[in-house]
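[1] Quick one, structure for this:
(one chain, ligands or ions: 1)
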Amino acid sequence: MAKSLSWDDLKYEIQPWIRTAIDSLGFETMTPVQASTIPMFSGNKDVVVESVTGSGKTVAFVIPILEKVIKEVLSGSALRKAHFHTLVLSPTRELSSQIQDVIDTFLKFCPEETGPIKSQLLVGTSISSVRDDVNAFMEKRPQILVGTPGRVLDFLKAGAVKSTSCGLLVLDEADKLLDINFEKDVESILHLLPKQRRTGLFSATISSAGNQIFRTGMRNPVKIAVKSKVQNPESLNISYVVLQPEDKLQYLLNILNHIRYRKCIVYFPTCVSVTYFYSFIKYLSQSGDMKDDLETYSLHGKLQTSSRLGTLKKFTSTFNNSVLLTTDVAARGIDIPEVDLVIQFDPPTSSEMFLHRCGRTGRANRSGKAIAFLNAGREEDYVNFLQVKQIELNEMEANFRPNAEFYNKFKLWILQDRARFEHSIKAYVAFIRYYSKHTASSIFRLRSLDYIGIARLYGLIRLPRMPEITKNLEDSKMPIDGWLVNPAIDLDQFAFSNQQMERARLENLKKTKEVNDQKKLKSELKKKNAAWSNKTAAKETKGERKLKLAQKRKIIEDRIAQEEKEDESEAEDDWKDMVRRKKKQKSSAAVQGLFSNL
Ligand SMILES: Nc1ncnc2c1ncn2[C@@H]1O[C@H](COP(=O)(O)OP(=O)(O)OP(=O)(O)O)[C@@H](O)[C@H]1O
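    Modelled structure (predicted):
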């Protein structure tokens, strides 16, 4: 830590009410990143800030924002109607909402005679449209806008709002905002903002954005990097454990049931794996296989915004023993101080995301533990890969004995409902596709994946047909017809427990059967007809040809006989020559005849 982190020693004089807010929030000292950033960014500097997760970057930009807005207000140059002063962009709705909460917490201390200073959240929801946002903006006249790139762009393009007074832009999780997923929207937003503005980029992994940061139009930015030898905060302990893929779920449940923690976040690779494992864990809770007081939540990008924000709020406000099953949608920026355990069920597709996931615990000097599960075989190399990137991991022994009965229990749960069977396949397929997207592709290779072990992890009954499996799974390991259970299951008899779905399935099955029967009948008939017609056609042509030849011969012989009678002088000619001559005559006559017929 720097020598003096006392707020009194901050090299910038902050507003008294902001200082009151800091005291009430219990922030006794500044964090190093705040000590370096606040004076620069509140002054007239563009900043690029990199500092470990949970080190207080949000307050490091919120105070300068408030300082700048308040200066505008105090200078008497009131914002014109439809104008705003500051724009904060973040990659997720959850994070945007959290940033707005921090701003509003400070604003509660803003004296009325100074204000009113207001903020507005701009994130896509099914409840409010862009037009609603514009109407609310016109009515409330906020100086500070916080939102996700897509929604902010739609809002600015709607035409009613003027961006020419925007003097400050903050990109939180800037490396994410400058990556391929957001790049276009962010660039379009930058074009709509005036060039004369201050810009601040913040992230724990900003270096990974490389030269992209210069596309934000900053002028001589000050680089502030608060780092130790390793990239993770000292209060965060990161471990890894090597497991057979089929044991991973059991091991996770073992931790959730037997290790003491307050709040735990478990990262899964895809949305569908979250929903799938969440429903199985819920079932286990109901059947008494999970500890009694455990509260389980699920959060992923396919949920409605209101449900996502609601879940996060509930998880934040619960007491001990709660678990959030989620995806990378909740990996960056989310600040829930009581989270003391983070589990990565599978490594993420990039090392930056690995840090962000781990960084949901061990925040603001509180101790936290992060555990990454690695599949035995090849993934152990990931530890060295991370070490090169200055991320230190400790090895952890998996002290548990997998229960052989577990897979049967899982299988029985799936066999109760066809929907679960379909869900298991979707989750498995999504995982394989996810695996192919790893940036460290020399470690996470589709060729080396244990397809059967992972199928067991997902409780699969049968391997799905997918090119990745056909290409990479050795023939000797391929189960007969893909079945992982013996005896195989009659899929036509496998019912949905939901009656409506089951009715629809049976209806569909009936229709498919009818169509198939018809198709079969048609193809059989076609085959039969084709065989018959081909044969007859062939026979007819043969017979016809014979008949024609016979007829021709007869005609010629008749003619010869006739001519013999008519011309005795030619009697001595060889009949064969005669035949030839007559043939010639006939053919020329035929040609003439044909011509005249024209
Ligand atoms: N000066 C301070 N003293 C004590 N706690 C602080 C201080 N400043 C911020 N905090 C707390 O530290 C926690 C982490 O802060 P914040 O969310 O801003 O971290 P961050 O650096 O943005 O992390 P990430 O990179 O994960 O987004 C928050 O709970 C915040 O309230």
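[2] List, one by one, the residues from the stretch 101-250 of the chain near the ligand.
    By Cβ under 6 Å from any ligand atom, the part of the stretch 101-250 of the chain that sits against the ligand consists of Ala204. Every C-beta, even on glycine, is put in place using the N, C-alpha and C of the backbone.
[3] Find the nearest non-adjacent residue to the most centrally placed residue in the chain, please.
    For the chain, the residue sitting closest to the mean C-alpha position, by Cα atoms, centre = their mean, is Thr270 at 6.2 Å. Excluding the flanking residues, the one nearest Thr270 by Cβ to Cβ, 6 or more residues apart in numbering is Ala430, at 4.2 Å.
[4] now what about the helix or strand that contains that neighbour, what contacts it?
    Assessed by DSSP states H and E, Ala430 sits inside helix 418-435. By Cβ atoms under 8 Å, 6 or more residues apart in numbering, the residues outside helix 418-435 that reach it are 269-273, 275-277, 279, 346, 349, 413-415, 444, 446, 449, 451, 454-455, 458-461, 464, 466, 468-469, 494-498, 501-502, 505.
[5] And the pLDDT at Leu594?
    In this prediction, Leu594 carries a pLDDT score of 28.
[6] list the buried ones in stretch 256-275?
    The neighbour-count check on stretch 256-275 (16 or more other Cβ atoms under 10 Å) flags 256, 261-275 as buried.
[7] residues contacting Arg465?
    Shown in contact with Arg465 (Cβ under 8 Å, 6+ apart): Gly482.
[8] now Asp522: how far from Thr512?
    Just so we're on the same page, residue 522 is Lys rather than Asp. Here Lys522 is placed at a distance of 15 Å from Thr512 (Cβ to Cβ, to the nearest Å).
[9] what do you get for Ser476?
    34 Å.
[10] Which one's more surrounded, those two?
    Thr512 (11 against 5; other Cβ atoms under 10 Å).
[11] Phi, psi for that one please.
    Phi and psi for Thr512, reported as degrees, to the nearest 10, are phi -60, psi -40.
[12] cool, and Glu468?
    When read as degrees, to the nearest 10, the backbone of Glu468 gives phi -60, psi -40.
[13] Between the two ends of stretch 280-297, how far is it?
    Stretch 280-297 has an end-to-end distance of 13 Å (criterion: Cα to Cα, to the nearest Å).
[14] Report how many residues lie close to the closest residue to the ligand within the stretch 401-550 of the chain.
    Residue nearest to the ligand within the stretch 401-550 of the chain: Thr439 (20.0 Å; Cβ to the nearest ligand atom). By the criterion of other Cβ under 10 Å, Thr439 has 12 neighbours.
[15] just checking, it touches Thr349?
    Yes. Counting by Cβ atoms under 8 Å, Thr349 is a contact partner of Thr439 at 6.0 Å.
[16] Now for the residue of the stretch 101-250 of the chain found nearest the ligand: which residues touch it?
    When Cβ to the nearest ligand atom is the measure, the stretch 101-250 of the chain has its nearest residue to the ligand at Ala204, with 4.0 Å between them. Shown in contact with Ala204 (Cβ under 8 Å, 6+ apart): 50-53, 55, 57, 231, 355-356, 359.
[17] tell me the phi and psi of Leu145?
    Torsion angles at Leu145 (phi, psi; degrees, to the nearest 10) stand at phi -110, psi 140.
[18] let's number from 34 now, not from 1
    Got it, first residue is 34 now, which makes that one Leu178.
[19] beta partners for it?
    Beta bridges link Leu178 to Leu120, Gln153 when assigned by DSSP bridges.
[20] That one and Lys552, how far apart?
    59 Å.
[21] I'd guessed Ala397 sits against Pro370; true?
    Yes. Counting by Cβ under 8 Å, Pro370 is a contact partner of Ala397 at 6.8 Å.
[22] Please enumerate residues in contact with stretch 526-537?
    With contacts defined as Cβ under 8 Å, 6+ apart, stretch 526-537 is touched by 448-452, 454, 538.
[23] same deal with stretch 318-335?
    286, 289-290, 304, 307-308, 311, 314-315, 317, 341, 344-345, 347-348, 351, 353-360, 362-363.
[24] And the residues you listed, which of them are buried?
    Neighbour-count burial (16+ other Cβ under 10 Å) is assigned, among those, to 286, 289, 304, 307-308, 311, 314, 317, 341, 344-345, 348, 354-360, 362-363.
[25] What are the structural domain limits within this protein?
    Following the TED database, one gets these domains for the chain: 36-258, 269-437.
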